[in-house]
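Peer 1: Mind looking at a prediction? Sequence and model below.
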Amino acid sequence: MGIDLHDIRYARIGTEDLDTSVRFATEILGLELMERDASSAYLRGDNRDHNICYTKGRETGHATGWEMSSMEALDAAAAQLEASGVTLRAGTNEEREQRRVHGLVVVTDPTGNTIELVARPAACGRRYFGTRDAGITSFSHVGLRTTNASVDEKFWTGDLGGKVSDWIGDAPLIRINEIHHNVALFPSTYAGIQHVNFQVAEVDDIMRSFYHLQQRNVRIVFGPGRHPTSGARFLYFQGPDDVIYEYSCGVRTITEEDEKTYIPRSFPMEPSSFCMWGSRPDIPEFKTDGD
Ligand SMILES: [Fe+2]
């Protein structure tokens, strides 16, 4: 049995130009800027301390942070992963400070994605107040690139304790709690974050943003549409540094009760597996042979 990840906590994204990323995140995405210094910027779309940390320089790379329930759970997870042969290291004091966490253990998935296990992340007493009314309710999931989907799937389901909710082609949509997916692994030729998802309250928010983004010449890369897998209505759009952002609402949950009868479904790699309304993705990792 794998370790017990509680929830996704943050994404760290190395960026060519901090100002451009902050402007995009605040004016387009609708996040709140929490803190900014010469080398990083912290932003959020819910009541957590931060959801995204942009770091100066694309070479600083990508990482995702995953919360464990306690320091003890983090220590136990590190011991368990080490015993099963996973290479890991403890975060340095500086790294823990930068991430606003008490506990930090860094592992790498087989593709080379940096996965950070954290405990006691900073809470925030102020509520999220977005720069614009995008209707965001929470930071929810990431799409990660994988150079070998079945090997990374085994790592996420075996070592990290996730469960496959559905597949699209070889891409597994994996949950670590009741949300249909907290991470999805999309075949690619290199490692990194492929997309970052924020939940919005309702489909009206998605349509409002669709027009808001279009009027500001943001490239819409998929949607508005509806995923047949999670049932979520969605909109994907292009952000800086080749990272795609997504709003969605109405994602399915798979509760403990549901799990008794739930069987993951295997959707073929075709457009209707990504969108049941007929929208076609302009996203390389979502494209099928016929596109
Ligand atoms: Fe997504």
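Peer 2: Sure thing, it's come through.
Peer 1: Across the sheet, point out what pairs with residue 187.
Peer 2: With DSSP bridges as the criterion, residue 187 is bridged to residue 146.
Peer 1: my guess is it meets residue 170, correct?
Peer 2: Yes: the criterion here is Cβ atoms under 8 Å, and residue 187 meets it with residue 170 at 5.7 Å. Placement of C-beta: from N, CA and C, glycine included.
Peer 1: so what sits against both of the two?
Peer 2: Common neighbours of residue 187 and residue 170, using Cβ atoms under 8 Å, 6 or more residues apart in numbering, are residue 149.
Peer 1: And the strands in the stretch 51-200 of the chain?
Peer 2: Under the criterion DSSP state E, counting those that start in this stretch, the stretch 51-200 of the chain contains strands at 52-56, 62-67, 88-90, 101-108, 114-121, 136-146, 163-168, 171-175, 183-187, 193-200.
Peer 1: among these, which is nearest the ion?
Peer 2: strand 193-200 (4.4 Å; Cβ to the ion).
Peer 1: Would you list the phi and psi of residue 26?
Peer 2: phi -90, psi -50 (degrees, to the nearest 10).
Peer 1: shouldn't it be in contact with residue 131?
Peer 2: Yes: assessed by Cβ under 8 Å, residue 26 is found in contact with residue 131 at 4.1 Å.
Peer 1: Find the residues that touch each one of the two.
Peer 2: 32, 33.
Peer 1: how's the chain carved up into domains?
Peer 2: Following automatic domain parsing, the chain resolves into domains at 7-121, 136-283.
Peer 1: Is the first one positioned near the ion?
Peer 2: No: counting by Cβ under 5 Å from the ion, no contacts exist between domain 7-121 and the ion, the nearest distance being 11.8 Å.
Peer 1: now do the same end-to-end measure for that domain.
Peer 2: Domain 7-121 has an end-to-end distance of 12 Å (criterion: Cα to Cα, to the nearest Å).
Peer 1: Name the SS class of residue 23, please.
Peer 2: helix (DSSP: H, G, I helix; E, B strand; the rest coil).
Peer 1: Tell me, how many residues neighbour it?
Peer 2: Look at residue 23: counted by other Cβ atoms under 10 Å, it has 15 neighbours.
Peer 1: Could you report the distance from it to residue 41?
Peer 2: Using Cβ to Cβ, to the nearest Å, residue 23 is found at 10 Å from residue 41.
Peer 1: Name the residues of the stretch 101-250 of the chain found near the ion, please.
Peer 2: 197, 246.
Peer 1: quick revisit: would TSV of the domains of the chain with mean pLDDT and distance to residue 127 be doable?
Peer 2: Output for the domains of the chain, formatted as TSV (pLDDT from 0 to 100; distance: least, Cβ to Cβ, whole Å):
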stretch	mean pLDDT	distance to residue 127
domain 7-121	98	6
domain 136-283	98	12
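Peer 1: Select, out of those, the one closest to residue 1.
Peer 2: Comparison of the domains of the chain against residue 1 by Cβ to Cβ identifies domain 136-283 as nearest, at 6.6 Å.
Peer 1: Check the offset of the closest one from the chain's centre.
Peer 2: Relative to the centre of its chain, domain 136-283 is centred 9 Å away, using Cα atoms, centre = their mean, to the nearest Å.
Peer 1: distance between the ends of that domain?
Peer 2: End residues of domain 136-283 are separated by 23 Å (Cα to Cα).
Peer 1: again with stretch 220-240
Peer 2: Note: stretch 220-240 ends 13 Å apart using Cα to Cα.
Peer 1: and what of stretch 235-252?
Peer 2: First-to-last residue span, stretch 235-252, Cα to Cα: 16 Å.
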